[in-house]
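S.K.: I need the structure of the sequence given here:
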Amino acid sequence: MAVRAVAVLALGAAVLSGCALFRSDAARGRHIADIWCSECHRVAPDQPSGTRPGHTLPPPVAAPSFMDIAARPATTAASLEHFLADLHLPMPTYRLSAEERHQVIAYILSLKAAH
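M.R.: The predicted structure follows:
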């Protein structure tokens, strides 16, 4: 009985702490975007600029914000999947898994609903 109580408490703590296991695809996508995309793109309305502090791209690149991308009428899950599947210089050649791409796409599309 004590083991069950500990397991229930641990599960509850994980849920309440925002454990990645229980986050939505959009929330996971925001986390991935913060890591991989925020160096050049403004990925959230609360991000002050499109670059991390101390980072400068040579030459300066005007990468669109995720909010601007989401607001485009042609932006769909399919269009984003197609875009992310191809190389677009000067974007770095990072390789997201299919699941990570799906999560970033879910995050961008969630910004469309909020726009």
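
S.K.: and residue 104, how many neighbours?
M.R.: Burial of residue 104, expressed as a neighbour count using other C-beta atoms under 10 Å, amounts to 26. To be clear about C-beta, it is placed using only N, CA and C from the backbone, and glycine gets the same treatment.

S.K.: burial count for the nearest residue to it once chain neighbours are set aside?
M.R.: Closest residue in space to residue 104, ignoring its immediate chain neighbours: residue 29 at 4.3 Å, by C-beta to C-beta, 6 or more residues apart in numbering. Neighbour count for residue 29, taken as other C-beta under 10 Å: 27.

S.K.: which helix or strand contains residue 29?
M.R.: Here residue 29 sits within helix 25-36, counting by DSSP states H and E.

S.K.: what's that helix in contact with?
M.R.: When contacts are defined by C-beta atoms under 8 Å, 6 or more residues apart in numbering, helix 25-36 is touched by residues 20, 23, 41, 43-44, 66, 94, 96, 100, 102-110.

S.K.: so for the residue nearest to residue 104, what's the pLDDT?
M.R.: On pLDDT, residue 29 comes in at 97.

S.K.: ok, now how distant is it from residue 44?
M.R.: If you measure residue 29 against residue 44 using C-beta to C-beta, to the nearest Å, the figure is 11 Å.

S.K.: repeat that for residue 35.
M.R.: If you measure residue 35 against residue 44 using C-beta to C-beta, the figure is 13 Å.

S.K.: for this protein, which helix is longest?
M.R.: Looking across the chain with DSSP state H, the single longest helix is helix 98-114.

S.K.: can I get the CA coordinates of it in PDB?
M.R.: Below are the C-alpha coordinates for helix 98-114, written out as PDB (Å, rounded to 0.1, in the frame of the first residue of the first chain):
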ATOM      1  CA  ALA A  98      10.200  13.800 -37.100                       C
ATOM      2  CA  GLU A  99       8.700  14.100 -33.700                       C
ATOM      3  CA  GLU A 100      10.600  17.300 -32.900                       C
ATOM      4  CA  ARG A 101       9.600  18.800 -36.300                       C
ATOM      5  CA  HIS A 102       5.900  18.000 -35.500                       C
ATOM      6  CA  GLN A 103       6.300  19.700 -32.100                       C
ATOM      7  CA  VAL A 104       7.900  22.800 -33.500                       C
ATOM      8  CA  ILE A 105       5.100  23.000 -36.100                       C
ATOM      9  CA  ALA A 106       2.400  22.600 -33.400                       C
ATOM     10  CA  TYR A 107       4.000  25.500 -31.500                       C
ATOM     11  CA  ILE A 108       4.100  27.700 -34.600                       C
ATOM     12  CA  LEU A 109       0.500  26.900 -35.400                       C
ATOM     13  CA  SER A 110      -0.500  27.600 -31.800                       C
ATOM     14  CA  LEU A 111       0.800  31.200 -32.400                       C
ATOM     15  CA  LYS A 112      -1.500  31.500 -35.400                       C
ATOM     16  CA  ALA A 113      -4.500  30.900 -33.100                       C
ATOM     17  CA  ALA A 114      -3.200  33.500 -30.700                       C
END
